[in-house]
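S.K.: Mind folding the following:
(one chain, ligands or ions: 2)
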Amino acid sequence: SLACDIYAAGGTPCVAAHSTTRALYAAYNGPLYQVRRSSDNTTRDIGLLSAGGYANAATQDSFCANTTCLITIIYDQSGRNNRLTQAPPGGFSGPAPGGYDNLAVATAAPTMINGHKAYGVYVAPGTGYRNNSTNGVAKGDQPEGMYAVFDGTHYNGGCCFDYGNAETNSRDNGNGTMEAIYFGNIKVWGYGTGNGPWVMADLENGLFSGVNPGYNANDPTVNHRYLTAIIKGEPNHWAIRAGNAQSGSLSTYYNGPRPNVSGYNPMKKEGAIILGIGGDNSNGSAGTFYEGVMTSGYPSDATENAVQADIVAAGYTTSSGGGGTPGTLTPGSSISLRATTSCCTTRYIRHQNDQVITSVITSSSSSLDKSDASWIVRSGLAGSSCLSFESRNYPGDYLRHQNYQLYRQHNDGSTLFAADATFCPQAGKSGQGTSLASYNFPTRFIRHYNNIVYIASNGGSNSFDSATSWAADVSWSVDQPWA
Ligand code: AHR
Ligand code: AHR
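M.R.: Ligands and ions are numbered 1, 2, ... in the order given. Here you go, the predicted model:
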């Protein structure tokens, strides 16, 4: 039995069940989410490979080939139609027309789940989903539980990457009008040990890491690549729990009375559902969501422990990193390319002043640096058996070589540009990751040398052709995109 079957057996059934990666009931065989492509503005539901199984990502890949798809609907598997759609303006307006928030790019958070490719919901700042007219979600001081699986390495200090219960008018209606899972490292309200990110409860006008506003010593920094995060609340009682979604059990970071400031007991929950934003539609936050549910009733720890075992059994793994599976090199996917040479494993291929270099990029890098280090995989400009890499923040500009050095340049439509901007992936020359052969100079591969990026041969007259550490320098880890 799957997560929502387990909650039902525990007497606290799901009233909302959202996932872009898998079924949350063994019997579910409906759509998981809907995408819309920019080429003709048509939509397509993405369903399951089988009842109770995993997302049929191939449907998305073929529908979205050579165009951009956005996630327009995240369906509710609970049968209550508590689906999530583009969040409307409220206390704050989003960047999209009419003050709506942006929709997530459907290919931006690729993952593997039990060996199947799937996509999460990649929330860049400005992105948000909401349902202000729900059915069966806790109101007032009614008990509820919720969990979500996030990418624990993707977060920021903006307000507020949340999943859970919020105001039905998208405005700040005062203390106690929300009860949602927060994940990130903002320190304006609560925080815990270390530098963050932390799992906290967004109860409105406060992210709480325990009974105190501000610091609570039992809420640790947690950044598992796949993170299970839990918040639950009932009259004058609530809890924070979390764990590694890939292995092991949950830890309890708080279990006690409502915060020791006024306005949170009793709670005044309103029953809207948010994803990626704050209750008042604050939309400066970032994160990645794979699945999450909300329940009716306060789930027992034992029920949640069984749900955690189901999440672990679902088998989330990254398609990037040491294995360097070229599977994420699918046209339409966004990626970042990380050096694997031991000097440089935190350095990514990025453009800067039109040149292409490697830079250290971390979660605290600026959004400009992150965008500069992110590329959209395209079918090869010179031939679809190979690939081209379009700049994330300069649409129409591609990675190309010229005099054997790499640059970001606008596609001028010429045959030479197409050839210079096309690279053919193969297994990494060092045995790790992926190597990218130049289409028109096939013995030359994308290589970093003194942090500048070239197409280099293994030995040759140019300094950057040096055979020393060539194999490692031409072997790249295909990672999740920074932006
Ligand atoms: O509680 C933190 C945030 O404060 C809420 O998400 C938002 O509604 C308000 O700005
Ligand atoms: O990078 C090698 C060659 O140099 C490119 O094909 C061409 O653009 C330039 O002459």
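
S.K.: what does this structure put close to ligand 2?
M.R.: On the criterion Cβ under 6 Å from any ligand atom, ligand 2 has as its neighbours in the chain the residues 401, 402, 403, 404, 416, 420, 440. Yep, even glycine has a C-beta here, placed from its N, CA and C like the rest.

S.K.: thought the first one was touching residue 438?
M.R.: Yes - using Cβ atoms under 8 Å, residue 401 makes contact with residue 438 at a distance of 6.3 Å.

S.K.: Residue 223 falls within a strand, correct?
M.R.: No - with DSSP: H, G, I helix; E, B strand; the rest coil as the criterion, residue 223 is located in coil rather than a strand.

S.K.: On the three-state scheme, the residue lying closest to it once chain neighbours are set aside is what?
M.R.: Distance criterion Cβ to Cβ, 6 or more residues apart in numbering; nearest residue to residue 223, sequence neighbours excluded, is residue 152 at 4.3 Å. Counting by three-state DSSP, the backbone at residue 152 sits in coil.

S.K.: Ok, residue 417 next?
M.R.: When states are read from three-state DSSP, the local structure at residue 417 comes out as helix.

S.K.: what number of residues lie near the residue of the stretch 201-350 of the chain found nearest ligand 1?
M.R.: Ligand 1 sits closest to residue 278 of the stretch 201-350 of the chain, with a gap of 2.6 Å, by Cβ to the nearest ligand atom. Residue 278 is flanked by 30 other residues according to other Cβ atoms under 10 Å.

S.K.: follow-up on the earlier one: list only buried entries from the residues of the chain next to ligand 2.
M.R.: Buried positions within these, assessed by neighbour count (16 or more other Cβ atoms under 10 Å), are 401, 404, 420, 440.

S.K.: Lowest pLDDT pick from these?
M.R.: Minimum pLDDT for those is recorded at residue 440 (93).

S.K.: How are the helices of this protein distributed by residue range?
M.R.: In the chain, the helices defined using DSSP state H lie at 3-9, 57-63, 301-314, 367-372, 415-420, 470-473.

S.K.: From the chain's centre, how far out is stretch 359-371? Work that out for me.
M.R.: 16 Å (Cα atoms, centre = their mean, to the nearest Å).

S.K.: Could you list the buried residues of it?
M.R.: Across stretch 359-371, burial judged by 16+ other Cβ under 10 Å covers 359, 361, 365, 369, 370, 371.

S.K.: Over to stretch 154-169?
M.R.: In stretch 154-169, the ones that count as buried by 16+ other Cβ under 10 Å are 154-156, 158-169.

S.K.: Can you confirm whether it lies near ligand 1?
M.R.: Yes - looking at stretch 154-169 against ligand 1 by Cβ under 6 Å from any ligand atom, the contacts come from 159, 160.

S.K.: Mean confidence (pLDDT) on that stretch, please.
M.R.: The average of the pLDDT scores along stretch 154-169 is 96.

S.K.: Output that stretch as CSV, nothing but the C-alphas.
M.R.: What follows is stretch 154-169 as a C-alpha-only set of coordinates in CSV (Å, rounded to 0.1, in the frame of the first residue of the first chain):
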residue,chain,number,x,y,z
HIS,A,154,17.5,23.6,-3.7
TYR,A,155,16.3,26.4,-1.4
ASN,A,156,16.9,30.1,-0.7
GLY,A,157,16.3,32.8,1.8
GLY,A,158,13.2,34.3,0.2
CYS,A,159,9.7,34.1,1.6
CYS,A,160,8.4,31.4,1.5
PHE,A,161,8.7,28.0,-0.1
ASP,A,162,5.7,26.4,1.5
TYR,A,163,3.4,23.4,1.0
GLY,A,164,0.2,23.2,3.0
ASN,A,165,-2.8,25.1,4.5
ALA,A,166,-3.2,28.9,3.8
GLU,A,167,-5.7,31.7,3.4
THR,A,168,-8.5,31.5,0.9
ASN,A,169,-8.0,35.1,-0.2
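
S.K.: which bits of the stretch 251-400 of the chain sit near ligand 1?
M.R.: Among all residues of the stretch 251-400 of the chain, those adjacent to ligand 1 (criterion: Cβ under 6 Å from any ligand atom) are 278, 279, 280, 282.

S.K.: Quick check: pLDDT value at the last one.
M.R.: Note on residue 282: pLDDT of 98.

S.K.: Identify the residues contacting it.
M.R.: Contacts were defined as Cβ atoms under 8 Å, 6 or more residues apart in numbering; by that measure residue 282 touches 91, 92, 158, 159, 160.

S.K.: number of nearby residues for the second one?
M.R.: Counted with other Cβ under 10 Å, residues neighbouring residue 92 total 19.

S.K.: next one: the first one
M.R.: Each residue near residue 91 was counted by other Cβ under 10 Å, and the total is 15.

S.K.: Please name the residues that touch the closest residue in space to it that isn't next to it in sequence.
M.R.: The shortest distance from residue 91 to any residue that is not its chain neighbour, by Cβ to Cβ, 6+ apart, is 3.1 Å, and that residue is residue 280. If you count contacts by Cβ under 8 Å, 6+ apart, residue 280 has them with 90, 91, 92, 167, 170, 171, 172.
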